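A.B. asks: Give the three-dimensional model of this entry:
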Amino acid sequence: MTQTEGELRSRTFSWSDPMLNAAEIGRRSGLELLQAMSRGELPAPPVTHLLGTGKVEAEAGRVVVTLEPQEYHYNPLGSVHGGVLATLLDTATGCAVHSTLPAGIGYTTLDLTTKFLRRASIASGVLTCEGTVISKGRRTALAQAQITDARGVLVAHATSTCMLFDL
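C.D. replies: Okay, here's the model as predicted:
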């Protein structure tokens, strides 16, 4: 089927200046920053609007983020693209690490090891991704995350190492 034969779909989104949040990094702990975004006191990062993720729930060492699969997440096989799932896993692991950091300390992902266990689609219902910190040292932190579908079935799992640094 060509585009002229099928229904053309479109999607529009907007976002706030990401530097508003970046300016708070030296003033707030990672947990305070994540919770302020969750409460709407600070804008969500642009990537959340791009992917269409739900609100982030954060506590020290644990983060939950949701995603309701949409057609715009699909690959050519009619399921959620693995890159979308990997981004969700990276978000949960990174934010879990961020939730343990004091003001003035940043992080970046060094690696993300991902295992895809089953396909996800609109029929999967809301995907829930929970990230937790496994270990945190002075310069690195190890976190894990898992995505489950609306029935609680495991869809994907990842571990991530994050590098910690002074800002």
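A.B. asks: Count the residues that sit near D111.
C.D. replies: Per other C-beta atoms under 10 Å, the neighbour tally for D111 reads 11. C-beta here means a position set from N, CA and C on the backbone, and glycine is covered the same way.
A.B. asks: which ones are touching the nearest residue to it once chain neighbours are set aside?
C.D. replies: Distances taken as C-beta to C-beta, 6 or more residues apart in numbering place T161 nearest to D111, at 5.1 Å, with adjacent residues excluded. T161 sits next to 109-111, 140-142 when contact means C-beta atoms under 8 Å, 6 or more residues apart in numbering.
A.B. asks: quick one: which of those is most hemmed in?
C.D. replies: Counting neighbours by other C-beta under 10 Å, A141 comes out on top of these with 25 neighbours.
A.B. asks: Quick check: that residue touching H98?
C.D. replies: No. Taking contacts as C-beta atoms under 8 Å, A141 lies outside contact range of H98: 9.4 Å.
A.B. asks: Find the residues that touch each one of these two.
C.D. replies: Y107.
A.B. asks: Pull out the buried residues from the longest helix seen in the chain.
C.D. replies: For the chain, the longest helix by residue count, based on DSSP state H, is helix 82-98. For helix 82-98, the neighbour count (16 or more other C-beta atoms under 10 Å) marks 84-98 as buried.
A.B. asks: Please identify which of those is nearest to T48.
C.D. replies: Among the buried residues of helix 82-98, T91 lies closest to T48 (C-beta to C-beta), at 8.2 Å.
A.B. asks: Report the secondary structure state of the closest residue to the closest one other than its chain neighbours.
C.D. replies: Nearest non-adjacent residue to T91, counting by C-beta to C-beta, 6+ apart: V65, 5.7 Å away. Three-state assignment for V65 (DSSP: H, G, I helix; E, B strand; the rest coil): strand.
A.B. asks: so V65 touches L88, yeah?
C.D. replies: Yes. Using C-beta under 8 Å, V65 is in contact with L88, at 6.6 Å.
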